[in-house]
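>>> this one's sequence-less:
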């Protein structure tokens, strides 16, 4: 079972998930899954299409926002858009290989919404992540 780490009251982050994790995500209130991994990054990794089909079958919205060699404006905008689409009471589970890229994308999108940098750094650290890779974007 994959461990989901809270970043804020509406966002959980995790390393690679599989189909079996989707039911637990739903039980924890997740309404949207965001996949920040490009397909084919590791051998045996579930494809985005297979995860999307399983997420939708479980009644969850799904977004594929792959981050491969750094994060650009397009990925930040897509993450920001996904967060905006959560709606009242919605909760997001974002994942990548380790949760790092998902955390970085969350932080930059939140910063664009006016969340204080020190608050983002504190929340990321509590989940076990550093935002140093995106210092220049915060």
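Ah, there it is. All values reported here derive from a predicted model rather than from experimental measurement.
>>> phi, psi of the most far-flung residue of the chain relative to its centre?
What lies farthest from the middle of the chain is residue 43; by Cα atoms, centre = their mean that is 21.0 Å. Here is the backbone geometry of residue 43 (degrees, to the nearest 10): phi -60, psi 140.
>>> residue ranges of the strands in this protein, please?
5-8, 11-14, 32-35, 61-64, 92-95 (DSSP state E).
>>> and the spatially most central residue of the chain, what's its pLDDT?
Compute the mean C-alpha point of the chain, and by Cα atoms, centre = their mean the closest residue is residue 94, 1.8 Å away. With respect to pLDDT, residue 94 scores 98.
>>> please renumber so the chain begins at 40
All set: I'll call the first residue 40, so the last point we hit is now residue 133.
>>> not counting sequence-adjacent ones, nearest residue to it?
The spatially closest residue to residue 133, leaving aside those adjacent along the chain, is residue 141, at 3.7 Å (Cβ to Cβ, 6 or more residues apart in numbering). Just so you know, the C-beta spots here come from the backbone N, C-alpha and C atoms, and that holds for glycine as well.
>>> again, but for residue 44
residue 166 (4.1 Å).
>>> give me the neighbour count for that neighbour.
Counted by other Cβ atoms under 10 Å, the residues lying close to residue 166 total 19.
>>> what does residue 91 give?
Around residue 91 there are 17 residues (other Cβ under 10 Å).
>>> nice, that's everything, thank you.
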